[in-house]
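Participant: please find the sequence and the predicted model below.
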Amino acid sequence: MDLGKSISLARKQSGLTQEDVAEKLAISRQTISNWESNIGSYKLRTD
């Protein structure tokens, strides 16, 4: 299973929408969609 599918599966098993996850991570819903489609990078600031 690729990372995008893993992200999507974990989100769905948690009962969250892409919007829910985006809000929790302070990023756009489109970014979540791109990650789940394996488009773009997975960089998150941790500071």
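Facilitator: All right, it came through fine.
Participant: which pLDDT value goes with Ile27?
Facilitator: Ile27 is assigned a predicted lDDT (pLDDT) of 94.
Participant: same question, Ser41
Facilitator: Confidence score, pLDDT, at Ser41: 72.
Participant: Thr17 too?
Facilitator: Here the pLDDT value assigned to Thr17 is 98.
Participant: name the nearest residue to it, ignoring sequence neighbours.
Facilitator: Nearest non-adjacent residue to Thr17, counting by Cβ to Cβ, 6 or more residues apart in numbering: Arg11, 7.8 Å away. Yep, even glycine has a C-beta here, placed from its N, CA and C like the rest.
Participant: assign the residue nearest in space to the middle of the chain to helix, strand or coil.
Facilitator: For the chain, the residue nearest the mean C-alpha position is Ile32 (3.5 Å; Cα atoms, centre = their mean). What DSSP: H, G, I helix; E, B strand; the rest coil gives for Ile32 is helix.
Participant: ok so, going back, distance check, the residue nearest to Thr17 against Asp47.
Facilitator: 24 Å (Cβ to Cβ, to the nearest Å).
Participant: for this structure, what's the longest helix?
Facilitator: In the chain, assigned by DSSP state H, the helix with the most residues is helix 3-13.
Participant: list the buried residues of the next helix or strand after that one.
Facilitator: Downstream of helix 3-13, the next assigned helix or strand under DSSP states H and E is helix 18-25. Neighbour counts using 16 or more other Cβ atoms under 10 Å place Gln18, Val21, Ala22 of helix 18-25 among the buried residues.
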